[in-house]
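Visitor: Structure, please.
(chains A and B)
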Amino acid sequence: MRISGLGYLLKEGIKSIWLNRMMSIASIGVLVSCLLLTGSAELVTLNVAAVVEDIGGENVTRVFLDQEVTDLEGVYIMDEISKVSNVTDTKFVSKDEAIMEYQDTLREDIFEQMRGEGNPLPNAVDVTLEDLSLYDETMAKITAVEGVDEVRDTREIAQKLTSLSTLVSSVSLWIVLALSLISIFIISNTIRMTMYSRRFEISIMKSVGATDTFIRIPFVFEGMIIGLISGVLGSLLLTFVYDAVMQGMQNILQFKFIPYDELAPFVWIAFILAGMVIGMLGSLLSIGRYLRKEGNELLGW
Amino acid sequence: MIEFRNVSKVYPSGTHALNKASLTIEKGEFVFIVGSSGAGKSTFLKLIMHEETPSSGTIFVNGMRVDKMKHRHVPMLRRTMGIVFQDFRLIDKMTVYDNVAFAMRAIGARPRAIKKRVPYILELVGLENKADRYPSQLSGGEQQRVGLARALVNNPMMIIADEPTGNIDPEMSYEIMELLSEINKRGTTILIVTHEHDLVHSFGRRVITIDKGVVVEDTVNLPEAVLEGGDEA
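Guide: Numbers count the residues shown, from 1 in each chain, chains lettered A, B, ... in the order given. Here you go, the predicted model:
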C-alpha cells in the first residue's frame, strides 16, 4: 500500500477515536490500569531479584555485639571471632560507621544527629566465611562467643523476599491476564461501536470494491492509537507510583533499590508495545465478523 | 458480460427467489430488468454483485466466475461494476466532491488521480458547479447524479442501477435515463432494474421480465414513436 493511502487511513482512525471519545477514554482507562499493574508487579520482582542477588553475592554476614560492648571490647571480640574455624576475614563496624551506612542508603538527615551518644545501634563485626555450606554451624559457634548478641541472617531475608516476590508475580500474573482480556474486550467493543457508526461508509466501500484489509486499517489504527496513548500514560503514571512505593519500601528495608531512571526506557518500550499489541488484537477481534456481512445486512436494514 | 445458467436461489426461509433462470447480457448492452416486487429482481442483482451466492447454477460476470468466487476475490469483481442505488446512499457529511472521491479512495487511488478524475466525472453528470455542496442541499435528481458519478468514477465496465429513478420526479427521471444512455454510448454496459413501465417503453431497449424467479419475457421493446415510424415504412 502507498504512503498517501496510509495517511488517509490514519486520519480516519484518529477521527473515529475522537468521535467515540467516551468509549475511547474507557478503553484507555482499563488498558492503563492493566499496564500499571503489570508494570508494578514486574518492577517489584526485578527489585527483589536485585536485592537478593546483592545479599547472596556478598559472602559477608554482620554479627551484632551486645549493646554495652565498647569499641575496644569490640575489637577484642572480633579477634575471638576470627579464631573460629571457617572464618576467613573479619572487619569491625563501629556504631557510627553503621549509622553512616544508613545515611548513605537512605539520605535522611535524621541519622546525622544519631552519631555519638544518641546512637541506638550496637557495634558489629562483618564476618566473611570460607565455606557457605557450613554457615549454620559457623554462626552457632560465633553466637557462642561472649559479647556477641545476634547474627543478622541476611539469607533469611533473602528467602522471605524471594517468596514474597514469587507470590507477587503469581498473583499479578492472574490479575494481569484477567485485565488484558478485559482490555481487549473493551477495546473491541469500542471499535465495534465505531464500525457500527460507520457501517454506511463501510457498505459503500464494499460496494465499490474496497478490500477487507483497506476497510480494516483505520480500525486497526484506532486500536493501536488507543494502545499508544495508554502506553504513554501508563509509563508516566508508573514513574510516580514507583517513586512513591520505593520511598515507602526504603523506610522499612535499607536496601538500595533500582533507580527508576535505569528502568524507564524499558518501561516505556514495553508499555507502548504491549498497549499497541493489545489495541490491535482488540480491533482485529471486532472487525472479522463484521466484514463478512454484505449490503443491507451490514446496514441492518 | 453477464451469463446466468440455470441459476436458482432458495433463501434459508424457504423462499424460491430464482428458479433455474438463464440469461445472457452482452458487453455494451442497455438492459432493463422489470418485474413485480418479489419477482426476484433484487436477488438477481445481489447474485451479480456477489452479495448472495446461488443455491445452484453458474454465473459469469465480466469474465469472472461468480457463483463459486472466494471472499477475497469479491473486491476485484466489484471494481468492474458501478452501482447506483434507489436511495442514492450518499454520505451526508461529505460534499459532492468527497462523496465521489470516496469511491476512489476506498480502492486506494492516488490523490493525484483523484484530483484529476473527480472533476471530469462531475462535469460529465453536469454537477461541476455543485462540487462543494452537501447532499442535503441538492434536489433528488441531483443527488442521483452524484450517485451516478460515484458509480462511474472508477471507470467500471458496467453500471448496475437498482430503481435509480424510484425516488425522483418523472422529469428528473428522464434526465437520469438520458445520462445513462449517454454513458452507454461510450461502451459501458447498463443494467437497470425498474418497475416504471412508462420509462421502459419510452426507451427502445432490451427488456427482461422476471416473474416468480423465472425469466418470462426477453424482448427489444421499441418505443411507440419508432414502432409507428416502422408502420409507415
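
Visitor: burial count for the closest residue to chain B within the stretch 51-200 of chain A?
Guide: Proximity to chain B, evaluated over the stretch 51-200 of chain A using CB to the nearest CB, is greatest for residue A:200 at 6.8 Å. All C-beta spots, glycine's among them, are computed from the backbone N, C-alpha and C. As a burial measure, residue A:200 scores 14 neighbours (other CB atoms under 10 Å in any protein chain shown).

Visitor: So stretch B:38-47, near chain A or not?
Guide: Yes. Against chain A, stretch B:38-47 shows contacts by CB under 8 Å from any CB of the partner chain at residue B:46.

Visitor: ditto for stretch B:8-25
Guide: No. Using CB under 8 Å from any CB, stretch B:8-25 never reaches chain A; the gap is at least 12.3 Å.

Visitor: Run through the residues of chain B sitting next to chain A.
Guide: Contact residues, chain B versus chain A (CB under 8 Å from any CB): B:46, B:49, B:51-52, B:71-72, B:74-79, B:82-83, B:89, B:91, B:102-103, B:105-108, B:110-111, B:150, B:154.

Visitor: Are any of these buried, and if so which?
Guide: The neighbour count (16 or more other CB atoms under 10 Å in any protein chain shown) marks B:46, B:49, B:51-52, B:74-75, B:77-79, B:82-83, B:89, B:91, B:102-103, B:105-108, B:150, B:154 as buried among those.

Visitor: before we move on, back to that, residues of the strand or helix carrying the residue of the stretch 51-200 of chain A closest to chain B that come out buried?
Guide: Here residue A:200, judged by DSSP states H and E, is contained in helix A:199-207. Applying a neighbour-count criterion of 16+ other CB under 10 Å, one finds A:201, A:202, A:203, A:204, A:205, A:206, A:207 buried in helix A:199-207.

Visitor: So what touches that helix?
Guide: Residues from elsewhere that reach helix A:199-207 (CB atoms under 8 Å, 6 or more residues apart in numbering or on different chains): A:195, A:214-215, A:290, A:294-295, A:298-300, B:49, B:75, B:78, B:83, B:89, B:91, B:102-103, B:106, B:150.

Visitor: rewinding a little: so which of the buried residues of helix A:199-207 comes closest to chain B?
Guide: Nearest member of those to chain B, counting by CB to the nearest CB, is residue A:205, at 4.2 Å.

Visitor: Read off the pLDDT value for that closest one.
Guide: pLDDT, residue A:205: 91.

Visitor: any weak-confidence spans in chain B?
Guide: Residue ranges of chain B with pLDDT under 70: B:221-233.

Visitor: Show the backbone phi and psi for residue B:187.
Guide: Main-chain dihedrals, residue B:187, degrees, to the nearest 10: phi 110, psi 0.

Visitor: residues in contact with whichever residue of chain A sits closest to chain B?
Guide: Chain B sits closest to residue A:209 of chain A, with a gap of 3.5 Å, by CB to the nearest CB. By CB under 8 Å, 6+ apart, the residues touching residue A:209 are B:74, B:75, B:76, B:77, B:78, B:79, B:106, B:107, B:154.

Visitor: what does residue B:102 give?
Guide: A:201, A:204, A:205, B:91, B:94, B:150.

Visitor: That one - that's part of a helix, no?
Guide: Yes. Counting by DSSP: H, G, I helix; E, B strand; the rest coil, residue B:102 is found in a helix.

Visitor: Check which helix or strand residue 172 maps to.
Guide: With no chain named, the answer covers chain A. Using DSSP H and E, residue A:172 falls within helix A:154-197.

Visitor: let's do chain B instead
Guide: Using DSSP H and E, residue B:172 falls within helix B:170-185.

Visitor: again with residue A:228
Guide: helix A:212-252.

Visitor: What distance do you get for residue B:138 to residue A:8?
Guide: Distance from residue B:138 to residue A:8, counting by CB to CB, to the nearest Å: 25 Å.

Visitor: where does the stretch 1-150 of chain A have low pLDDT?
Guide: A:1-5, A:55-59, A:105-112.

Visitor: As a check, name the ranges of all strands in it.
Guide: With DSSP state E, counting those that start in this stretch applied, the stretch 1-150 of chain A shows strands at A:60-65, A:87-93, A:124-129, A:148-152, listed in chain order.

Visitor: could I have the third one exported to PDB, CA atoms only?
Guide: Extracted in PDB, the C-alpha atoms of strand A:124-129 (Å, rounded to 0.1, in the frame of the first residue of the first chain):
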ATOM      1  CA  ALA A 124      29.200  -5.100  65.000                       C
ATOM      2  CA  VAL A 125      31.600  -7.300  63.100                       C
ATOM      3  CA  ASP A 126      31.400  -8.200  59.400                       C
ATOM      4  CA  VAL A 127      32.400 -11.800  59.000                       C
ATOM      5  CA  THR A 128      33.500 -13.500  55.800                       C
ATOM      6  CA  LEU A 129      33.200 -17.200  55.600                       C
END
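
Visitor: farthest-separated two in the buried residues of helix A:199-207?
Guide: A:201 and A:207 (10.8 Å; CB to CB).

Visitor: still on that earlier bit, Three-state assignment for the residue of chain A closest to chain B, please.
Guide: Relying on three-state DSSP, one would call residue A:209 coil.

Visitor: what's near enough to touch residue B:121?
Guide: Residues near residue B:121 by CB under 8 Å, 6+ apart: B:100, B:149, B:152, B:153.

Visitor: Residue A:94 too?
Guide: Counting by CB under 8 Å, 6+ apart, residue A:94 touches A:71, A:74, A:123.

Visitor: Distance check, the residue nearest to the last one when sequence neighbours are not counted against residue A:63.
Guide: Put plainly, it is residue A:123. Nearest non-adjacent residue to residue A:123, counting by CB to CB, 6 or more residues apart in numbering or on different chains: residue A:74, 4.2 Å away. Going from residue A:74 to residue A:63 by CB to CB gives 10 Å.
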